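Engineer: Task: produce atomic coordinates for the following.
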Amino acid sequence: MKKFLFAALCILLIFLIYFFTKDNKTFYVKISDNDNYYDRDFINYLKYKNKLEKAIVYHNLNNYRIVDLLNDINNSKTIKYKKKEYTFTNLLIKADVLVLDIGHDDLLYFTLKDYDMYQYINDIIDDFDKLMELIRNYCKERIFIVFDYDISDEYKSYFFDKLKVVTKKYDISIINKNKFTNYLKNIY
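Structural biologist: Just a heads-up that it's a prediction; the model follows:
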């Protein structure tokens, strides 16, 4: 009987430790190469529900391409956000929700060159694949790519189909910018 009570007490103690140390808050990270703020409503929703631990929204507007983000992660670049410093690797590890809104500058760069667009998209997708593999080494939580690229419908469809293959491989969701908040509210 003493062994049973001891075992029950241990199980109860483990449950109580888990219950009181469980993290129910969301650490939100967005990395973007543009200045769209479609995620404000979702961040405010998390605040209202008292589910937001922290929101880090990093916009790099200086011709920030996928390979630049790859380099920043590989080099564990430090960024300042609201007077606090974070490394990219640390942000990826901490993120409960990671939103990537990148690739715009890669597609914009195409208009400056004389390339075959299909081959260029394949090159971008290869970069996305490398990026997703690297990010998955650090971020084990939910990752979302916002799909809102300003290219012709012919290329957009091709790009989207190729991107779906990569995102499926790494268990990453693609969201349309216009459906972002409602989609995430249903999850969180």
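
Engineer: how far does stretch 85-96 stretch from start to finish?
Structural biologist: Across stretch 85-96, the terminal residues are separated by 19 Å (CA to CA, to the nearest Å).

Engineer: buried set for it?
Structural biologist: Buried residues in stretch 85-96, counted by 16 or more other CB atoms under 10 Å: Y86, F88, T89, L91, L92, K94, A95, D96. Bear in mind the C-beta positions are built from the backbone N, C-alpha and C, glycine included.

Engineer: Am I right that D150 is in a strand?
Structural biologist: No - counting by DSSP: H, G, I helix; E, B strand; the rest coil, D150 falls outside a strand, being coil.

Engineer: which residues does V57 contact?
Structural biologist: Shown in contact with V57 (CB atoms under 8 Å, 6 or more residues apart in numbering): K30, S32, Y37, D39, I43, Y81.

Engineer: wait, what's in contact with the second one?
Structural biologist: In this structure, S32 makes contact with V57, Y58, H59, N60, V99, L100, D101, I102, judged by CB under 8 Å, 6+ apart.

Engineer: residues near the fourth one, how many?
Structural biologist: In terms of burial, N60 registers 18 neighbours under the definition other CB atoms under 10 Å.

Engineer: Same question for the last one.
Structural biologist: Using other CB under 10 Å, the number of residues around I102 comes to 22.

Engineer: ok, it touching N63?
Structural biologist: No - I102 lies out of contact with N63 (CB atoms under 8 Å); the separation is 11.9 Å.

Engineer: quick one on the thing from earlier: take the buried residues of stretch 85-96 and keep only those in helices.
Structural biologist: F88, T89, L91, L92, K94 (DSSP state H).

Engineer: between these, which is nearest L52?
Structural biologist: K94 (13.2 Å; CB to CB).

Engineer: The closest one: what's it in contact with?
Structural biologist: By CB under 8 Å, 6+ apart, the contact set of K94 is F27, V29.

Engineer: Distance of it relative to K47?
Structural biologist: 18 Å (CB to CB, to the nearest Å).

Engineer: Could you pull up the mean pLDDT of the helix or strand hosting F27?
Structural biologist: Per DSSP states H and E: F27 is located in strand 26-32. Mean pLDDT, strand 26-32: 94.

Engineer: just stretch 137-147 next, same as before
Structural biologist: For stretch 137-147, the per-residue pLDDT averages 94.

Engineer: how far does that stretch sit from the chain's center?
Structural biologist: Taking CA atoms, centre = their mean, to the nearest Å, the mean C-alpha location of stretch 137-147 is offset from the chain mean by 4 Å.

Engineer: for that stretch, which positions count as buried?
Structural biologist: Y138, C139, R142, I143, F144, I145, V146, F147.

Engineer: repeat for stretch 175-188
Structural biologist: Per 16+ other CB under 10 Å, stretch 175-188 contains these buried residues: I175, F180, T181, L184.

Engineer: ok, now stretch 147-166?
Structural biologist: Neighbour-count burial for stretch 147-166, with 16+ other CB under 10 Å as criterion, is recorded at F147, D148, Y149, I151, Y155, Y158, F159, K162, L163, V166.
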